[in-house]
Structure formats: structure tokens, C-alpha cells
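Following is a predicted model, sequence given first.
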Amino acid sequence: MPSLEEELFPSTPGKFKIDRAHNMNRQFNRCFASTSTMFLWALFLIALTASYLSFQSFVDSGSRYFTASWGGIQWEKQIRNSAQIHRSKGMSVLVTGAAGFVGSHVSLALKKRGDGVVGIDNFNNYYDPSLKKARKSLLNNQGIFIVEGDINDARLIAKLFDIVAFTHVMHLAAQAGVRYAMENPHSYVHSNIAGLVTLLEACKLANPQPSVVWASSSSVYGLNEKVPFSESDRTDQPASLYAATKKAGEEITHTYNHIYGLSVTGLRFFTVYGPFGRPDMAYFSFTRNILQGKPITIYRGKNRVDLARDFTYIDDIVKGCVGSLDTSGKSTGSGGKKRGPAPYRIFNLGNTSPVTVPTLVNILERHLKVKAKRNIVDMPGNGDVPFTHANISLAQRELGYKPTTDLETGLKKFVKWYLTYYGYNRGKAVH
Ligand SMILES: O=C(O)[C@H]1O[C@H](OP(=O)(O)OP(=O)(O)OC[C@H]2O[C@@H](n3ccc(=O)[nH]c3=O)[C@H](O)[C@@H]2O)[C@H](O)[C@@H](O)[C@H]1O
């Protein structure tokens, strides 16, 4: 006589189905032949129902977790609190990339003066996410809530605009890095183009429409040789996919300004550096390697000419961002319809005094009190440009932008932060 298990789970596939009617009949006669068998059957059915119910609740909680990691009354309350304005004529700003380098600094500056700030960040692992989490804690301590989500999530962005009538969007979420674009080109399209369009679609439909200030890049000047770089110079010769996506962003935002009346300000940042900076950037990775006694690779341009950058300190960039928000002017559209012309602006935010990469290393050596092991190589064809140099007269005139921190002073502050953050001051480095 076959066991119960054998009857329920026949070893030959298909057999169970074919013999079903016959088996059921046999089972019925056999199983209900005695009360003890009936009792066993009842027990078995109760156990089966109980395990089915608990499995269902497991599946339910799982799907809630995977399909909606945002939402709920408490979540909405945190967003409303974070967006509260605490000064007269203040603004409520949605900051994308709020756990990023520039995003975290700008968020803190806005909150400090009484503006409402809600952040959004996808906490991706392009670089150490623990640094992003540390920035998030800093912001949380100041009452800024960061939504964990992607700007490509149209439902999420629409929901945020449902909850808060943002007056401004400070769009800083992006796939950054010039050379990484050769390794992972699609991440640039995903964040800098698709993500930008998703965000602009939400802005266009919002009522009232917010004013948008966003991060373009000095890299859009590409192979431009006219110095210093002015906003009116040509930007149609990008040297990297990163630059091309930022240039595309300038064109895309222009169409949203033109068709839907969105107020748009694009900021061309020039190699921003400072505390809580990006570990993928040269000044940061050089510092790490110098302290660990590892060699650093310094690229050199054509004819042995040193590469140079208009390195710009984070506090100066923050002033430029806040100045842009303050002067942005209103969007004119509503419900996706343009009601009149709106401002469309582009500004360079640089330092106006380029410094060569070997000089940057000299300054780091001095502040770190450690000699670098320099490995000088010819610049590979990886998207780099030989130099950058900003003409900032437009930003000076329109935003009151005036950088005040030179590279020497800025790197001193960076090194101080770095040694503290990574535990060198406690005699124990943590990375
Ligand atoms: O203003 C911008 O639009 C961009 O600025 C920044 O790009 P870059 O100016 O290229 O900064 P960064 O990588 O720090 O390299 C600095 C210098 O060190 C040289 N460099 C770099 C690495 C290395 O190993 N060796 C080296 O010599 C390198 O050749 C270069 O000359 C942002 O990363 C970018 O996201 C974007 O915002």
C-alpha cells in the first residue's frame, strides 16, 4: 500500500494528473473507512491551511518591501516636516542627489537659513556608499529628510510633488566622473539623460511649476581652446560621454523652458573639491594613496605640458547655487501648459585661477607632511581635457558670485577633514 506522501507526490511526472479521478475514488474509500484515518486527515488539512496562510503573509510582506520601499503616513509626515519653511519669503526645495558631495552641502546651507529642504538620493555604489550615509546622518541631524529613491522613478517624483508644492528644484543627482564613462556608458544615459527627463516631466506637470537649478559641467567646453571659457564659447566638441550627457542636459532643459515655461538655470561647475568630497576625484584619491604610501599616477598632456584645472572650493559653489535659486525667477506654466516666457540661464561657477596637477600634489604633500610617490604618464585618450579656466563675469554680475577660497586654503580644510573623518587623528585609519 503506497504511503500518503507517495500518493500526493507521485514520482512519475504526469501520473498524478492522469490517474486523478481513479486515485481520488480510491483515496475516498480508503481514507474514510475508519474514524482514526479521518482524524489524521483533518489534522493534515488544518496543518496545510495554516502553512498556506503563513506563506501568504510572508509573500505579502515581501512584495510590499520590494515594490514600495517608500510611502506611508509616517513617510509623508517626515517629508512635510522637512519641507517646512522657517523664514519669511523662504523657499521649499527638492534637492536631488542630496547625499552627494554638492547636494549635501547645498541642503545644509538652505536649511540653515530657514528654507524647507527635502532630499532624494539613490545611494548607488559608484563610490563608497558609507560616505553617502554619513552625509545623510549629518542632514538628518539638521532636520533634513532624504528620500531613498531614484529620479527615474516617475511615480515617486510625482508623489513628492503631491505632498509638497516645491517652489524650487535643485537638481544635483547625476552620474559624475569623466573617465568612468568609458567603463559604464549606460549609467550616464540612465542618470544624466533619462533621469533628467523624468524629473523635468514632473516639474512641467506640477502646479505651481518649480524653478529648476541644475548641475551642468565645465566639461561641456571640451576641446575649446579659447581661454578663459565663457558661456558664449562653443560647446559642441565634447571630449567624453560624461560631457556629452551634460551638454545634452543643457539642450533638454532648454526645450522644457521653451515649450512648458519652466524657469531653468544650468551651472557649469569647475572641478569642485572640499570636505566630504567625492573619493573618485584626483585630489581625494591622491590623498588616500599618499597616506597609504602607494604611488599616484599623474597624467601629463601633449608636449610634456602639465594638465591644469580651475579647482573650485565647495563653499564657493554653494554660494553660487544658493544665489542661482534666489535669482531664478518664476516658471510661467501650469498643468503642462506654458503661459509666458520664463528665464533660461547658464553660468560658469569656477575659481578663475587654474592650477596644474603637479602643483596640487605639492600642496597636498605639504598639508599631509608626506611625500608622494609620483608616477608621471602621458595622458591616455580617456576623455580628459588639458585644462579648464572659467570666466565668471556673468555669474558675478547676475548672482553676486565671488569665489574667495584659493586651492592652498581649500586643500588645507579638506586635509583636516580627511584626517579626522578617516581616523588618522586618533592614530587609527579606518580605510
Ligand atoms: O569640472 C568638471 O566638469 C568635472 O570636474 C571633475 O573632473 P576632472 O576635472 O577630470 O577632475 P578629477 O577627476 O579630479 O581630475 C583632475 C585632474 O587630475 C588628473 N588626474 C586624475 C586622476 C589621476 O589618477 N591622475 C591625474 O593626473 C586629471 O587628468 C585632471 O587633469 C569631476 O570629476 C567631474 O565629475 C566634472 O564635474
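Yep, that arrived.

can we go C-alpha only for contacts and neighbour counts from here?
Will do.

show me the contacts for the spatially closest residue to Pro354 that is not a sequence neighbour.
Spatially, and ignoring its direct neighbours in sequence, Pro354 is nearest to Asp310 (4.0 Å; Cα to Cα, 6 or more residues apart in numbering). Shown in contact with Asp310 (Cα atoms under 8 Å, 6 or more residues apart in numbering): 270-271, 350-355, 387-390.

Take these and lay them out in CSV including secondary structure and pLDDT.
Output for these, formatted as CSV (DSSP: H, G, I helix; E, B strand; the rest coil; pLDDT from 0 to 100):
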residue, secondary structure, pLDDT
Phe270, coil, 98
Thr271, coil, 98
Gly350, coil, 98
Asn351, coil, 98
Thr352, coil, 98
Ser353, coil, 97
Pro354, coil, 98
Val355, strand, 98
Phe387, strand, 96
Thr388, coil, 98
His389, coil, 98
Ala390, strand, 98
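
So which of those residues reach the ligand?
270-271 (Cα under 6 Å from any ligand atom).

Neighbour-wise, give me the winner out of the contacts of Asp310.
Gly350 (32 neighbours; other Cα atoms under 10 Å).

On the three-state scheme, Ile120 is what?
strand (DSSP: H, G, I helix; E, B strand; the rest coil).

change the start of the numbering to 39 and stick with it
Sure thing, new numbering starts at 39, so read that last one as Ile158.

Surely it touches Gly141?
No: counting by Cα atoms under 8 Å, Ile158 stays clear of Gly141, with 9.6 Å between them.

Please determine whether stretch 252-262 lies in contact with the ligand.
Yes: judged by Cα under 6 Å from any ligand atom, stretch 252-262 and the ligand are in contact via 255-257.

circling back: need the residues touching each of Ile158 and Gly141.
With Cα under 8 Å, 6+ apart as the test, Ile158 and Gly141 both reach 133-135.

Let me know the closest of those to the ligand.
Nearest to the ligand among the shared contacts of Ile158 and Gly141: Gly135, at 13.4 Å, using Cα to the nearest ligand atom.

Alongside the ligand, which residues does this protein contribute?
214-216, 255-257, 307-309, 319-321, 335-337, 345-346, 395, 422.

Can you flag the buried ones in those?
With burial judged by 16 or more other Cα atoms under 10 Å, the buried subset of the residues of the chain next to the ligand is 214-216, 255-257, 307-309, 320-321, 336-337, 345-346, 395, 422.

what's the neighbour count on Thr156?
For the record, residue 156 is Val, not Thr. For Val156, using other Cα under 10 Å, the count is 28.

err, Lys150, not the other one
Residues near Lys150, counting by other Cα under 10 Å: 12.

Compute the distance between the residue nearest to Pro392 and Asp444, please.
Asp348 sits 10 Å away from Asp444, going by Cα to Cα, to the nearest Å.

Overlap in contacts, the two.
In contact with both Asp348 and Asp444: Asn389, using Cα under 8 Å, 6+ apart.

on that earlier part again, could you list which of the buried ones among the residues of the chain next to the ligand belong to strands?
Among those, DSSP state E puts 255, 307, 336-337, 346 in strands.

Could you pull out the strands in the stretch 89-238 of the chain for me?
Here the stretch 89-238 of the chain has its strands, by DSSP state E, counting those that start in this stretch, at 130-134, 154-159, 183-186, 206-209.

Direction included, what does the first one pair up with?
Spelled out, it's strand 130-134. Here strand 130-134 is paired, per DSSP bridges, with strand 154-159 (parallel), strand 206-209 (parallel).

Return the most buried member of these.
When these are scored by mean count of other Cα atoms under 10 Å, the highest mean neighbour count falls to strand 154-159 (a mean of 27).

Residues contacting that one, please?
117, 120-124, 128-138, 145, 148-149, 182-189, 211.

Now a ChimeraX select for only the buried ones of those residues.
Remark: buried members of the contacts of strand 154-159, expressed as a ChimeraX selection using 16+ other Cα under 10 Å:
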select :117,120,121,122,123,128,129,130,131,132,133,134,135,136,137,138,145,148,149,182,183,184,185,187,188,189,211
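
bridging residues for the nearest residue to Asn178 once chain neighbours are set aside?
Once flanking residues are discounted, Asn178 sits nearest to Ile184: 7.7 Å by Cα to Cα, 6+ apart. Listed by DSSP bridges, the beta-bridge partners for Ile184 are Gly157.

hang on, Ile184 packs against Ser175?
No: with contact defined as Cα under 8 Å, Ile184 and Ser175 do not form a contacting pair (9.6 Å).

ok, back up a step: mind putting the strands paired with strand 130-134 in TSV, mean pLDDT included?
Shown next, in TSV, are those (pLDDT from 0 to 100):
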stretch	mean pLDDT
strand 154-159	98
strand 206-209	99
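
Kindly present those strands as TSV, with separate columns for distance to Leu457.
Below are these laid out as TSV (distance: least, Cα to Cα, whole Å):
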stretch	distance to Leu457
strand 154-159	26
strand 206-209	30
